[in-house]
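**Q** Below are the sequence and a predicted model; questions follow.
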Amino acid sequence: MNAANAARELVIQRLDFVGNACKNEEQRLLEEVQAEDERAHQSILTQQVHWTEALQKLAALRTYLVDVITNLDDQDLVVST
């Protein structure tokens, strides 16, 4: 009976050890995923800033080009008359 109790206790200890190891690994992986998620989020925010800046530059360039074309057309009309 004592041998069976000792064997049972050993099995329980090993299961507890494995369970704790699994919990620790799960926590480590969760922290790793959260860190990667934060890096990805920061990267997305950075890309959004770059795209916003690029769109603003394109809008300014479009406005400038429309203004230049409009003024050239008006000047051509004045010169032709």
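**A** Ah, there it is. Residues are numbered from 1 along each chain as shown.
**Q** Give the burial count for Ile12, as a bare number.
**A** 10 (other C-beta atoms under 10 Å). Every C-beta, even on glycine, is put in place using the N, C-alpha and C of the backbone.
**Q** Where does it sit, in terms of helix or strand?
**A** Ile12 is part of helix 2-80 when elements are defined by DSSP states H and E.
**Q** which strands and helices sit next to that helix?
**A** Using 3 or more C-beta pairs under 8 Å, 6 or more residues apart in numbering; DSSP states H and E as the contact test, no helix or strand touches helix 2-80.
**Q** Now do it, average pLDDT.
**A** Averaging pLDDT along helix 2-80 yields 93.
**Q** just how off-centre is it within its chain?
**A** Computed by C-alpha atoms, centre = their mean, to the nearest Å, the chain-centroid distance of helix 2-80 equals 0 Å.
**Q** Compute the distance between the residue positioned nearest the centre of the chain and Ile69, please.
**A** Among the residues of the chain, Ala40 comes closest to the average C-alpha position under C-alpha atoms, centre = their mean, at 2.2 Å. Distance of Ala40 to Ile69, given as C-beta to C-beta, to the nearest Å: 42 Å.
**Q** got it, and Ala7?
**A** Taking C-beta to C-beta as the measure, Ala7 falls 91 Å from Ile69.
**Q** cool, and Thr46?
**A** Distance, Thr46 to Ile69, by C-beta to C-beta: 35 Å.
**Q** Ok, Gln13 next?
**A** Relative to Ile69, Gln13 is positioned 83 Å away (C-beta to C-beta).
**Q** do the same with Arg14
**A** 81 Å.
**Q** before we move on, what about Asn20?
**A** Counting by C-beta to C-beta, the gap from Asn20 to Ile69 is 73 Å.
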